[in-house]
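> structure of the sequence below:
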Amino acid sequence: MKNSQPAEDHCSTSQKEFVRFLLATPPKSELRCQGLSFSGADLSHLDLCCINFKVANLSHCNLARANLCCASLGRADLSGSVLDGRCANLPGVKMLRSSAGGASLKGCDSEDPSGLQANLEGASLKGVAMEGSQMTGITLRVAKVKNAKLKNCNLRGATLAGTDLPNCDLSGCDLQEANLRGSDVKGAIYEEMLTPLHMSQSVR
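So this is what the prediction gives:
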C-alpha cells in the first residue's frame, strides 16, 4: 500500500495561483490556506486580510506592503520573510507561536483606530529587524526576540512580560506603559529612549 501511494507534493503555491484563489473567493468568504506552502512566493501589495495561514510555510516570502489585518498565522513559518513598509498592515494579526527568525518587519504598522491589536505571543523572532515600526499595544508575551533590532519602535503599552530580549537594540523606543515584568533584557541597548523606564514596568 505504501508503494502504491503517490509521492508527496512539496511544491509551493505561486503568486499567479494564489491571485487566482483570491479572485475566485467572494469578499465576505474566509479563504483557508492552512498548512499550504508559499515558500519564496511574491505576495507583496496583496490584500491578505482575515486569511487563515495557520501552520503555513511562508518562509522567505515577499510580503512587503501586504495587508495582513486580522490574518491568522498561528505556528506559521515566516523565517526570512520580508514584511517591510508603512502599508504592511498588521492590526489584529494573530501570529501566536509563529516562527519568524531573521524576518524583516521594518516600518510595519500594527496600530488601528478601532483598537485591534496584533498578537505575537510565544513567537520566535530571533534576529528580526523591526526598526521604525508602530506597535502600540502589541502582545509579545513570552516571545523569543533575541538579538532583534527594535530601534525607534513605538512599543507604548506593549505586553512584553516574560519576553526574551537579550542583546536587543531598543534605542529610541517608546516603552511608556509597556509591561516588561519578568523579561530578559540582558545586554539590551536603551540609548536615546523617548520615555524613562519605571521599576514597576520590569519587576515581577
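> ok, now which ones touch residue 178?
Residue 178 makes contact with 155, 156, 157, 158, 159, 160, 201, according to Cβ atoms under 8 Å, 6 or more residues apart in numbering. Any C-beta I mention is one placed from the backbone N, CA and C, and that applies to glycine too.
> mind redoing it with 7 Å?
155, 156, 157, 158, 160, 201 (Cβ atoms under 7 Å, 6 or more residues apart in numbering).
> looking at those residues, which is nearest residue 50?
Residue 50 has its nearest neighbour among these in residue 158, at 23.4 Å by Cβ to Cβ.
> show me the shaky parts of this protein.
Counting by pLDDT under 70, the chain has low-confidence residues at 1-11, 86-88, 196, 198-200, 202-204.
> hey, which helix is longest across it?
helix 15-24 (DSSP state H).
> can you pull the buried residues of that one?
Neighbour counts using 16 or more other Cβ atoms under 10 Å place residue 18 of helix 15-24 among the buried residues.
> again, but for stretch 171-185
Across stretch 171-185, burial judged by 16+ other Cβ under 10 Å covers 171-176, 178-181, 183-185.
> endpoints of it, how far apart?
Distance across stretch 171-185, first residue to last, is 13 Å (Cα to Cα, to the nearest Å).
> same question for stretch 83-99.
One end of stretch 83-99 sits 14 Å from the other (Cα to Cα).
> residue 40: what's it in contact with?
Per Cβ under 7 Å, 6+ apart, neighbours of residue 40: 12, 60, 61.
> any chance of those residues in CSV, with neighbour count, secondary structure and distance to residue 190 too?
CSV is the format used below for the contacts of residue 40 (neighbours: other Cβ atoms under 10 Å; DSSP: H, G, I helix; E, B strand; the rest coil; distance: Cβ to Cβ, whole Å):
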residue, neighbour count, secondary structure, distance to residue 190
12, 17, coil, 41
60, 18, coil, 32
61, 26, coil, 33
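> and of those residues, the nearest to residue 127?
Using Cβ to Cβ, residue 60 comes nearest to residue 127 of the contacts of residue 40, at 14.4 Å.
> any idea how far residue 103 is from the nearest residue to the closest one once chain neighbours are set aside?
In space, residue 60 comes closest to residue 80 once its chain neighbours are excluded; the distance is 4.4 Å by Cβ to Cβ, 6 or more residues apart in numbering. Distance of residue 80 to residue 103, given as Cβ to Cβ, to the nearest Å: 6 Å.
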